[in-house]
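Q: Next input, structure requested:
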Amino acid sequence: MLDEEQGGTDGADGELTVPMAWLYAEYIADELLRTGDLMPPTSFEFRAGRDALALTIFLSDTDGELSGIRVVTQLETWLSLTAYDQPWQEWVRERLAELTTGAAASGRSAPDLDLAEEAWRWLQETELLAPDLNAVPGGAPVAGEDEGPKVWTPAWQLGLPLGHLAIHLF
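A: Residues are numbered from 1 along each chain as shown. Predicted coordinates for the structure are as follows:
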């Protein structure tokens, strides 16, 4: 067992702090995507959808009380946050900054926030090959391509609509 000096604990009095809020948000996102059966759970696209949806769920919980009973009542909120015409990326940055400031002011560790920031970093820095939705409609596909033109897309831009669709299908 790691002792406090080695960084094995994060809580007060040497207690291990478990990031339950993040893990629960990730679980809800995972279940929504699996229920929608949009893609294999082992794909990068699934991970992008799960991380985007988990960020939405985690960051929209302003009371710090992710509750299994309230999941159904939160679906409309999550739908509106993930809608196509919403500035989701800016909202994520603002909420992460607010939570970071709050954690720094309290002087307590924030393992949930650390995992959320890691997911956000992955969603921004990872690019996935996806259909080019801005391609000219009716354009002739290139020989050998059966799905049309593709473009490298930041993972969050692919994951966000997948998460939104999964909420609709739920």
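Q: The lengthiest helix in the chain: what's the following helix or strand?
A: Longest among the helix segments of the chain by residue count, using DSSP state H, is helix 88-106. Towards the C-terminus, the helix or strand next in line after helix 88-106, according to DSSP states H and E, is helix 111-125.
Q: Pull the residues that contact that following helix.
A: Outside helix 111-125, the residues within contact range by Cβ atoms under 8 Å, 6 or more residues apart in numbering are 10, 17-23, 48, 51-52, 54-55, 58-59, 92, 96, 99-100, 103, 154-156, 159. All C-beta spots, glycine's among them, are computed from the backbone N, C-alpha and C.
Q: picking that back up, the longest helix of the chain vs helix 111-125, what angle?
A: Angle, helix 88-106 to helix 111-125, by axes from the mean of the first three to the mean of the last three Cα atoms, to 10 degrees: 150 degrees.
Q: start at 28 instead
A: Renumbered: residue one is now 28, and that last one reads helix 115-133.
Q: Pull out the buried residues from helix 115-133.
A: For helix 115-133, a neighbour-count test (16 or more other Cβ atoms under 10 Å) marks 115, 119, 122-123, 126 as buried.
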